[in-house]
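Student: Got a predicted model here, sequence first, then my questions.
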Amino acid sequence: MLKKIMFTLLTLILIMSGAVILYRIFEPETQSTVTSAKLDYDSLYEYLTSSSEGSAHYLLFVSEESIDSQYVLDSLLSSVQSDTGTQIGRIIEAVDITELERSMRTYKLKEDWGLTYYPSFLAVEIQDGVPVVQSSLEWNPDAPLSVEQVEEWLEDNGLINRKNERVDVQELTLETPTPSPAAEASALPTAEAEAEAASQTPQAEQ
């Protein structure tokens, strides 16, 4: 009896192990909204300073070892892209800070860009050959970033325009036909018409 139980358990373990292995082999790769080609942090400053005067860059600092970074890349930005119809990968440049995290040098984000947490968004403009921070949107461990926050930051930086949707709604409301004053007047009996009708009504004999 014991041998049968052991044999059954061993068979179940083998079946489950085989199923897991097959799933890993054929598991579909998660497609990140932002291009998989990321900028190296150590060469970021050189890359930015090689840009033309007045050009703007919109950066996203992420780490391959950060669950929060993967959430922003794979889930949050996908929702933003779906909501706005904007190709996020064309306007946001991902910066890989994995090596900073591994070597415990993430303090450089604060020293170089004024960022305390990551993943974080950063808008910079080249002024006099130097990248100048224009705005930022940081991850908050106590209150993670939301789709609304990211869309608002993108809109503040002129990358999307959500007002068009609200304008369309207003235009549809204004197009609803309303009766003209003449039509209202003709549809309702006037006081004079009521008095005239009353005078023509024969009174009962007393």
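Tutor: Sure thing, it's come through.
Student: could you pull out the helices for the protein?
Tutor: Shown for the chain, the helices assigned by DSSP state H span residues 2-26, 44-49, 67-71, 77-84, 88-91, 98-102, 107-113, 147-156, 163-174, 181-187, 191-200.
Student: Could you tell me the least trusted of these?
Tutor: The minimum mean pLDDT among these belongs to helix 163-174 (a mean of 40).
Student: From Leu12, how far off is Met6?
Tutor: Distance of Met6 to Leu12, computed by CB to CB, to the nearest Å: 11 Å. All C-beta atoms are positioned from the backbone trio N, CA, C, and that covers glycine.
Student: Same question for Asn140.
Tutor: As judged by CB to CB, Asn140 and Leu12 stand 45 Å apart.
Student: Kindly report the same for Leu137.
Tutor: 49 Å.
Student: So between these two, which is more surrounded?
Tutor: Neighbours were tallied for Leu137 and for Leu12 using other CB atoms under 10 Å; the higher tally belongs to Leu137 (20 against 10).
Student: The more buried one contacts Leu145, correct?
Tutor: Yes: Leu137 lies in contact with Leu145 (CB atoms under 8 Å); the separation is 7.0 Å.
Student: residues making contact with stretch 92-100?
Tutor: Residues from elsewhere that reach stretch 92-100 (CB atoms under 8 Å, 6 or more residues apart in numbering): 34-35, 38-42, 44, 57-65, 73, 77, 105-106, 108-109, 118, 121.
Student: can you do 7 Å?
Tutor: Stretch 92-100 is contacted by residues 34-35, 38-41, 44, 57-65, 106, 108, 118 when judged by CB atoms under 7 Å, 6 or more residues apart in numbering.
Student: Give me the buried subset of these.
Tutor: 34, 38-39, 41, 44, 57-63, 106, 118 (16 or more other CB atoms under 10 Å).
Student: Reformat the residues you listed into a markdown table and put distance to Leu154 next to each item.
Tutor: Converted to a markdown table, those look like this (distance: CB to CB, whole Å):
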| residue | distance to Leu154 |
| --- | --- |
| Val34 | 13 |
| Lys38 | 19 |
| Leu39 | 19 |
| Tyr41 | 23 |
| Leu44 | 21 |
| His57 | 14 |
| Tyr58 | 8 |
| Leu59 | 13 |
| Leu60 | 11 |
| Phe61 | 16 |
| Val62 | 17 |
| Ser63 | 22 |
| Thr106 | 25 |
| Tyr118 | 18 |
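Student: what's the closest of these to Gln81?
Tutor: Val34 (9.6 Å; CB to CB).
Student: So for the closest one, what's the pLDDT?
Tutor: Val34 is given a pLDDT of 62.
Student: start at 219 instead
Tutor: Understood, numbering begins at 219; the last thing we discussed is Val252.
Student: Mind pulling up the pLDDT for the closest residue to Tyr259 other than its chain neighbours?
Tutor: Leaving aside its sequence neighbours, Tyr259 sits nearest to Ile315 (CB to CB, 6 or more residues apart in numbering; 5.0 Å). pLDDT, Ile315: 97.
Student: measure Ile315 to Ser354 for me?
Tutor: 15 Å.
Student: neighbour-wise, which of the two wins?
Tutor: In this view Ile315 and Ser354 are compared by other CB under 10 Å, and Ile315 has more residues nearby, 29 against 17.
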